[in-house]
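[1] Here is my input; please provide its structure:
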Amino acid sequence: MEVQGVMAVDLYALVNSQEKEEKAYLEELLKDNVYIQGWVRTNRDNGSIGFIALNDGTCFKNVQLVYDNSIPNHDVLSHVNTGAALNVVGRLVLTPQAKQPFEIRVVDFEVEGDVASDYPLQKKAHSLEFLRDIAHLRPRANTFNAVFRMRNAMAMAIHEYFQQNGFMYVHTPLITGNDAEGAGSTFNVTTNDKDPNSFFGKPVSLTVSGQLHVEAFALAFRDVYTFGPTFRAEHSNTVRHASEFWMIEPELAFADLNDDMDCIEGCIKHCINVALHECPDEMDFFNNFIDKGLKERLHAVLHSEFKRMTYTEAIEELQKAVKNGHKFENSDIKWGMDLQSEHERYITEQVIKGPVFLIDYPKEIKAFYMRLNEDGKTVAACDLLVPHVGELVGGSQREERYDVLKEKMEKAGCLKGLEWYLDLRKYGGCKHAGFGIGFDRLLMYVTGINNIRDVQPFPRTSDPIKY
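    This is a model prediction of the structure:
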């Protein structure tokens, strides 16, 4: 197949040129043959004319290839199977009256990669469970093609938001000597030596959070963020837990809890805006095939004021609900309890009817680094609750008072090995605040996908690792 001198095109450029009415670019393409490469999604041939849906990987949409029996090796093309890789030379034809705005009429082609007869992805609906078992092939399925495009868009949206707002990106270590919140659910790092401590001279683990390390940079560069993988060795076989996941953890110097919540609201709204306006095809797919109310719900949050309610007020609302006959799985509502997802969803969906920050949690159920409030009972923490999901983001003002933090760390039994963290309060400390967003859960929220395994390329859970 001769391609020298033929103008190569990709679907992303074609779709954009159509939407932006870049007539000069299109007119140039219409003058002569074009060259495109991609994978066959479907192929149907009635003998005299055939149609192939081709996806070149640059765009969620496919392009329709049209061929007839006058082209060389027509019999080969008519029998090309789903999944095959093609190189195609053809004429671009605008079809504004059809379902698609343009098509390519095949002049010549080459099968670059054929497909074996046992190819598991055929033109039919496949369950998410089935596709999970072929994680190396599922990016080719519509659902996962859309999911992983959205994953890319959301990663860029995160960086855009923080970079545009003056934050510096910091890489925090993946191997660490602390477990941040004292949870104890860590993966230990060892070597093949008989002594597991010989390499680093002490027990170390994969990080559960970059927060403590990024705080050190906040006290030099003011506003910073880390965005990277974290690990939890929890046997939580739920749709919301994974052993490896990505976290977005910003830290703001000279900031209190209110500043923290303002930043959270801005970040979430920016991400939703990107999803709705920069990924319209993917969002239409999610709304039509995954979660019918998704776009309406996201639009509502985007245009909502994020309300604020204390934990104590939330407990009172839940107790009132139980008294009025509402049934929770856990109806023993009392101050000091850790709220469950059903409680959080009731507050955001039934009481507030929109996004809400719950603030001022009991100190006993929150981490040692959160600032103790003047009442001595609560800490300056916040959780952002949104309809349909419950908690989406957690944050707090950090304890900047040396003596108070030291006492809290001693009580939690985590001072040894974290003396450097206490030093940050000793050497030019200031009030500061930060938060954490589980990137994979954010993806679940904007796509309507209800299992974390389906927003991660190769999920890591307590199940056996296949890939």
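[2] list the contacts for Lys228?
    Just so we're on the same page, residue 228 is Gly rather than Lys. Contacts for Gly228 were tallied using C-beta atoms under 8 Å, 6 or more residues apart in numbering; they are 171-172, 174, 210, 246-247. All C-beta spots, glycine's among them, are computed from the backbone N, C-alpha and C.
[3] Can you tell me which of those residues are buried?
    The neighbour-count test (16 or more other C-beta atoms under 10 Å) marks 172, 210, 246-247 as buried among those.
[4] give me the number of residues near Lys307?
    Lys307 has 16 neighbours, counted by other C-beta atoms under 10 Å.
[5] Excluding chain neighbours, what is closest to it?
    Nearest residue to Lys307, sequence neighbours excluded (C-beta to C-beta, 6 or more residues apart in numbering): Val356, at 4.5 Å.
[6] how much space between that neighbour and Leu385?
    5 Å (C-beta to C-beta, to the nearest Å).
[7] quick one, which of these two is more surrounded?
    Per other C-beta under 10 Å, whichever of Val356 and Leu385 has more neighbours is Leu385, with 30 against 24.
[8] Spell out the secondary structure type for that one.
    In three-state terms, and counting by DSSP: H, G, I helix; E, B strand; the rest coil, Leu385 is strand.
[9] who's it bridged to?
    Beta bridges link Leu385 to Val356, Glu391 when assigned by DSSP bridges.
[10] Could you check how far it is from Phe286?
    Leu385 is 22 Å from Phe286, by C-beta to C-beta.
[11] tell me the contacts of Met112?
    Not quite, residue 112 is Glu, not Met. Residues near Glu112 by C-beta under 8 Å, 6+ apart: 37, 85-87.
[12] Serialize the buried ones among the contacts of Gly228 to TSV and add fields for pLDDT and secondary structure.
    Conversion of those to TSV gives the following (pLDDT from 0 to 100; DSSP: H, G, I helix; E, B strand; the rest coil):
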residue	pLDDT	secondary structure
Thr172	97	coil
Gly210	95	coil
Trp246	97	strand
Met247	97	strand
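[13] What number of neighbouring residues does the closest residue to Val389 other than its chain neighbours come out with?
    What sits nearest to Val389 in space, not counting adjacent residues and going by C-beta to C-beta, 6+ apart, is Tyr445, at 5.5 Å. Look at Tyr445: counted by other C-beta under 10 Å, it has 25 neighbours.
[14] again with Ile333
    19.
[15] and what of Trp39?
    19.
[16] Just the pLDDT at the residue lying farthest from the centre of the chain, thanks.
    Within the chain, Ser70 marks the point farthest from the mean C-alpha position, 47.3 Å out by C-alpha atoms, centre = their mean. You'll see Ser70 listed with a pLDDT of 92.
[17] and what of Gly184?
    60.
[18] Return the set of buried residues in stretch 25-34.
    25-26, 29, 33-34.
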